[in-house]
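**Q** Give me coordinates for this.
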Amino acid sequence: SLLLEAVDLGMLLAHALGAGRARLRSHPEEVPAAAAAAGYLALIERRATGEPVAYILGRKDFWTLELSVSPAVLVPRPETELLVERALALHPDGEAKVADLGTGSGAIALALASTRPRWQLVATDLCAAALGVARANAIALGLQCVELVQGDWLNCLAGRSFHLLVSNPPYVAAADPALEQPELLREPRLALVASDGGLGALRRIIQDAAQHLEPGGWLLLEHGAAQAAAVAGALVARGFAQVLSDRDLAGRERMTEGQW
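**A** As a prediction, the model looks like this:
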């Protein structure tokens, strides 16, 4: 939309000038130097090809954090904050063992660690480059308490159990035409696309989660807006109770939870 484009342009201009957006608004009469203007035009050209603003800037706000991002990780979305909110609501007090499966930039795990310093957080990812981004974010934010483990979903956590398992796995079907959007073409396919019509990773996590949950523990999964019924059905079939789908700010069912 025109509004989003204006926001993008403002962010790129602030980045090119090395100034805050508040500075741009308060000093609209300032004329940028030629080098800064040329840099701004180069950024606009990159955005015009569909490169996400977050990759151009190298950062993205999520929860109360500013995260570094790269093309090795999915750009954190605002709707994923719903997963953080639900995890905090389901275990509001005391200590907890929590695993974030497929952490990418570390967004979910680091948001939880920043809000619940007594929690023991583990973040997993199959991609070594993604874990490198998560590790850099943990160090920059002073949250090295988050343990980072390379592996495929729960396979790398053998013998360990948790009070909460949270995940924003890939859930887009390989044939989904949305994947042809310029921005999505730039994001890692491993973090977007799943087998079985987009449900493959979700179903695998649901199947394996019971072996890694304490009695009464919770599994929280982000999914596509049309997948709530399928995910809820898989949770019930696996033996989970208290299964509930939650809506994002746009009213779409974007995550489902179940208690073991």
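**Q** Could you use CA atoms for every contact and neighbour count after this?
**A** OK.
**Q** residue boundaries of the helices in the chain?
**A** 2-17, 21-26, 34-48, 53-57, 81-90, 107-115, 128-140, 182-186, 200-209, 228-238 (DSSP state H).
**Q** Let's have these in CSV, adding distance to residue 122 and mean pLDDT.
**A** CSV is the format used below for those (distance: least, CA to CA, whole Å; pLDDT from 0 to 100):
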stretch, distance to residue 122, mean pLDDT
helix 2-17, 33, 67
helix 21-26, 35, 60
helix 34-48, 34, 82
helix 53-57, 25, 92
helix 81-90, 14, 96
helix 107-115, 7, 97
helix 128-140, 12, 97
helix 182-186, 27, 90
helix 200-209, 15, 98
helix 228-238, 23, 98
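**Q** most tightly surrounded among these?
**A** helix 107-115 (a mean of 23; mean count of other CA atoms under 10 Å).
**Q** and it, what other elements does it pack with?
**A** Judged by 3 or more CA pairs under 8 Å, 6 or more residues apart in numbering; DSSP states H and E, helix 107-115 is in contact with helix 81-90, strand 97-101, strand 120-125.
**Q** ok, residue 79 - how many residues close by?
**A** 17 (other CA atoms under 10 Å).
**Q** List the residues that contact the closest residue to it other than its chain neighbours.
**A** Nearest residue to residue 79, sequence neighbours excluded (CA to CA, 6 or more residues apart in numbering): residue 248, at 6.1 Å. By CA atoms under 8 Å, 6 or more residues apart in numbering, residue 248 lies in contact with 79, 82, 254.
**Q** Then residue 216?
**A** 163, 259-260.
**Q** okay, the spatially most central residue of the chain: pLDDT?
**A** Nearest to the mean C-alpha position of the chain, by CA atoms, centre = their mean, lies residue 76 at 4.0 Å. pLDDT, residue 76: 96.
**Q** I'd say it and residue 62 touch.
**A** Yes - Residue 76 is in contact with residue 62 according to CA atoms under 8 Å; the separation is 6.7 Å.
**Q** so what's in contact with those two at the same time?
**A** Going by CA under 8 Å, 6+ apart, residues that sit against residue 76 and also against residue 62 are residue 107.
**Q** about what we covered before: how close does the residue nearest to the centre of the chain sit to residue 166?
**A** Using CA to CA, to the nearest Å, residue 76 is found at 15 Å from residue 166.
**Q** likewise residue 78?
**A** Residue 78 is 16 Å from residue 166, by CA to CA.
**Q** And the average pLDDT for the biggest strand by length in the chain is what?
**A** Using DSSP state E to assign secondary structure, the strand with the most residues in the chain is strand 213-222. The average pLDDT for strand 213-222 rounds to 97.
**Q** tell me which residues of it are tucked away?
**A** By neighbour count on 16 or more other CA atoms under 10 Å, the buried set for strand 213-222 is 213-214, 217-222.
**Q** now swap in stretch 57-71 and tell me
**A** Within stretch 57-71, judged by 16+ other CA under 10 Å, the buried ones are 57, 59-63, 67-71.
**Q** Now do stretch 41-59: distance from first to last residue.
**A** With CA to CA, one end of stretch 41-59 sits 19 Å from the other.
**Q** Pull the residues that contact it.
**A** Contacts for stretch 41-59 (CA under 8 Å, 6+ apart): 8-9, 12, 15-16, 60, 66-71, 75, 182-183, 186.
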